[in-house]
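# here you go, sequence then predicted model.
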Amino acid sequence: MRRACTATAAACLLTGCAAGPDFVRPAPPPDSGYLPAGQPAGGVQVFHPGAAVAPDWWRLFGSPELDRMMRAALANNATLQAAQAALRQSQEELRAGRGVFWAQLDLAFSAQRQKAAPLTSGLTALRGVFNVFTLGGTISYLLDVAGANRRTVEALGAQADFQRSEMLATWLSLSGNIATTSIARAAYAAQIAATRELVRRQAEQRDIARTQAAAGIAPFSSVLSIESQLASSRASLPALQQRYDQATHLLATLVGRSPSQWSAPPVALDQLTVPRDLPLTLPSELVRRRPDILSAEARLHVASADIGVATAALFPKVSLAASYSTEGREIEHMTGPRGRFWQTGAVVDLPLFHGGTLAHQRNASVEAWRGALANYRQTVLAAFAQVADALSALGHDSDAVAAQQQALNAARQALALLEANYRAGLVSYLDVLAADAQLQRARIDFIQARAQQLQDSAALYLALGGGWWGLPAQSLQGPAP
């Protein structure tokens, strides 16, 4: 009894440790900002360091149509549903893996009809054909002496974390695609309208120039010059319309519908609001929020656990098992004492020589961990660069929008002045049309600058992680089928 107690205590002590390194999350970087000059200047947009990122950040653009499309996409997008299913699969695999910590209990029943060969059993009498019924139970337990089971389950948990991060990345990518595509589609629609107005004005210029050339008061070269500008403006319309159609088809796909069955509602560019107050997550918080960084961290955790599994393979494996069965020629005789049998024991599997396989497998796991660590560091650097790009772009966008607004205002003033001079008889109507065409060009340039500012504002929210942590977990994971 004393020896049995000692052996049991030793086994318990041994199962309290696990081979391999314990995973420690990489420390947050010491960076306090993203740009070398400190906090960026966003013009009319103000950055608030440490402010929370709204989980429904797209609503800050002030478009009910955009919000409806976003909610439809988050509910029906097939790619997101596949990522949610992969997450639930990994969670079930983790729950299944935890079963290794419990004793395994099995019950078996067999019914056989046999004809014995007496000589193979050392018998001389021929017993003929007979039945054998067997009922037995087995219980087994694998002592996790070196912690292989715990490291394996740890790897499954890290894999579930990885799938969760991948699902969050899909959610973030989907919301970003819906927002940026809607903005681009609105910009294409505004450019098409402005270009059509430009074509109409240039056609009027051409007709007047033809009349003047026919009357001999203007050279025919002016007609050719206007014809060239008109043809160029007309040529830009099919390309704009194609981009508009492609954006419409993409939105239908993202919402989970066929382009032939669903068309995105129109979103007017001038109805979209540029967010004035923008959050700016600190770098130390960003590494705990960005899905791509969390995915890289989960892969690092899996690699760390794999080292433990490979290390545990170098140590002995101990399993305990016991079985009890009863057997008889007839079912009613199975409970008799002559048909009962049992066995119990322990099996120790001690690896002695495998040609260096186990050691090299552990070395390979260590190198895999080093590669995962390098990938994690690179992912963090890429994330910081993406935030820096978004911040820098918003600063440049503010200058570009201000300059284009100034050019647009100047074109409007020039047109108003020429119209007044035309009414006074000081200039020709051709001059008025030329000024109006210049106004349409300035409007197109302003549309492009404003659309870029809106898209870069959305890019900042995406670079900061999208605020998914503010949503209920069930809404992200999706309902189980």
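Thanks, I have it. Numbers count the residues shown, from 1 in each chain.

# what bits of the stretch 301-450 of the chain have low per-residue confidence?
The model of the stretch 301-450 of the chain has pLDDT under 70 over residues 333.

# one more time with 90, if that's ok
Under the criterion pLDDT under 90, the flagged ranges of the stretch 301-450 of the chain are 325-342, 395, 418-419, 421-437, 440.

# let's verify residue 326: helix, strand, or coil?
strand (DSSP: H, G, I helix; E, B strand; the rest coil).

# surely it is in contact with residue 132?
No - counting by C-beta atoms under 8 Å, residue 326 does not reach residue 132; the two are 11.5 Å apart. The way it works is simple: take the backbone N, C-alpha and C, and place the C-beta from them, glycine included.

# can you report how many residues lie near residue 459?
By other C-beta atoms under 10 Å, the residues close to residue 459 number 20.

# rewinding a little: who has more neighbours out of residue 326 and residue 132?
Ranked by neighbour count (other C-beta under 10 Å), residue 326 and residue 132 place residue 326 first, with 19 against 14.

# who does the more buried one bridge with?
Beta-bridge pairing for residue 326 (DSSP bridges): residue 135, residue 340.

# got the contact list for it?
134, 135, 136, 334, 335, 336, 339, 340, 341 (C-beta atoms under 8 Å, 6 or more residues apart in numbering).

# okay, residue 195: pLDDT?
Looking at residue 195, its pLDDT is 93.

# next SSE after the host helix or strand of residue 450?
Assigned by DSSP states H and E, residue 450 belongs to helix 429-463. Downstream of helix 429-463, the first helix or strand assigned by DSSP H and E is helix 473-477.

# list the buried residues in that next one.
Burial within helix 473-477, assessed by neighbour count using 16 or more other C-beta atoms under 10 Å, is assigned to 476, 477.

# what does stretch 194-209 give?
Neighbour count says stretch 194-209 has 194-195, 197-206, 208-209 buried, by 16+ other C-beta under 10 Å.

# roughly how far out does it sit from the chain middle?
Put simply, stretch 194-209 sits 47 Å off its chain's centre (C-alpha atoms, centre = their mean, to the nearest Å).

# now stretch 176-196
Using C-alpha atoms, centre = their mean, the offset of stretch 176-196 from its chain centre is 25 Å.

# again with stretch 352-363
Distance, centroid of stretch 352-363 to centroid of chain: 37 Å (C-alpha atoms, centre = their mean).

# other residues contacting it?
Here stretch 352-363 makes contact (C-beta under 8 Å, 6+ apart) with 307, 310, 311, 313, 314, 351.

# returning to that earlier point: helices - which of the buried residues of stretch 194-209 land there?
Mapping the buried residues of stretch 194-209 onto helices (DSSP state H) picks out 194-195, 197-206, 208-209.

# residue 344: how many residues sit nearby?
Look at residue 344: counted by other C-beta under 10 Å, it has 10 neighbours.

# now the nearest residue to it once chain neighbours are set aside. Its backbone dihedrals?
Counting by C-beta to C-beta, 6 or more residues apart in numbering, residue 322 is the residue found nearest to residue 344 once chain neighbours are left out, at 3.9 Å. Phi and psi for residue 322, reported as degrees, to the nearest 10, are phi -150, psi 150.
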